[in-house]
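A.B. asks: sequence plus predicted model, see below.
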Amino acid sequence: MEANVTMSGYVGGDVEYRSGQDNRVATGSFRLACTPRIRRGGDWRDGETTWVTVTCFRALADNAASSISRGDPVIVVGRLRTQVWEGRDDGERHERMVLEALTIGHDLSRGTSVFKKFERSVPLEDPDAELGELIANAEAKALGDEEADEDAA
């Protein structure tokens, strides 16, 4: 079962962006700092900060890299994943929780933002429509050839 998680906090550093070259998808990642405010004895203070790695892919990675910076308050909705790897030096198994982002946005309760709609490139022609046009042309040519054969007879 998939469960979406929503987290808010501050971007801990610039987005590490890798462009989608050599048949790879564009990826982005950054650390998200979530620090709760705790009231004790009438005073407010910061609790322990939880750090989460956020990853994103494709257009979301492109847009995150160009839109968010260190210190920005953001809200992230995504899926919690466990990332597992073998250590290079010790050969031991390591793991950490990663938030695979489905959407990222500025937290507007902490400031303002300006939205610029993502401009898509011109979509390619529909390949099915192109195939249909080729078939129609071939059928028309075949009908034309049959009519020419009938006229010659």
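C.D. replies: Nice, I can see it.
A.B. asks: domains in the protein, as residue ranges please.
C.D. replies: 4-120, 124-153 (automatic domain parsing).
A.B. asks: please identify the deepest-packed of the ones you listed.
C.D. replies: Mean neighbour counts were compared across these using mean count of other CB atoms under 10 Å; the top stretch is domain 4-120, at a mean of 14. Quick note: C-beta positions are derived from backbone N, CA and C, even for glycine.
A.B. asks: which residue packs closest to C34, ignoring adjacent ones?
C.D. replies: G9 (3.8 Å; CB to CB, 6 or more residues apart in numbering).
A.B. asks: show me what contacts that neighbour?
C.D. replies: Each residue near G9 by CB atoms under 8 Å, 6 or more residues apart in numbering is listed here: L32, A33, C34, T35, T50, V52, P73, V74.
A.B. asks: wasn't it part of a strand?
C.D. replies: Yes: counting by DSSP: H, G, I helix; E, B strand; the rest coil, G9 is found in a strand.
A.B. asks: roughly how far does the residue nearest in space to the middle of the chain sit from E100?
C.D. replies: In the chain, the residue lying closest to the centroid (CA atoms, centre = their mean) is L60, at 3.0 Å. To E100, L60 is 10 Å away according to CB to CB, to the nearest Å.
A.B. asks: picking that back up, need the domains of the chain in CSV with mean pLDDT, can you?
C.D. replies: Listed next are those as CSV, based on pLDDT from 0 to 100:
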stretch, mean pLDDT
domain 4-120, 92
domain 124-153, 65
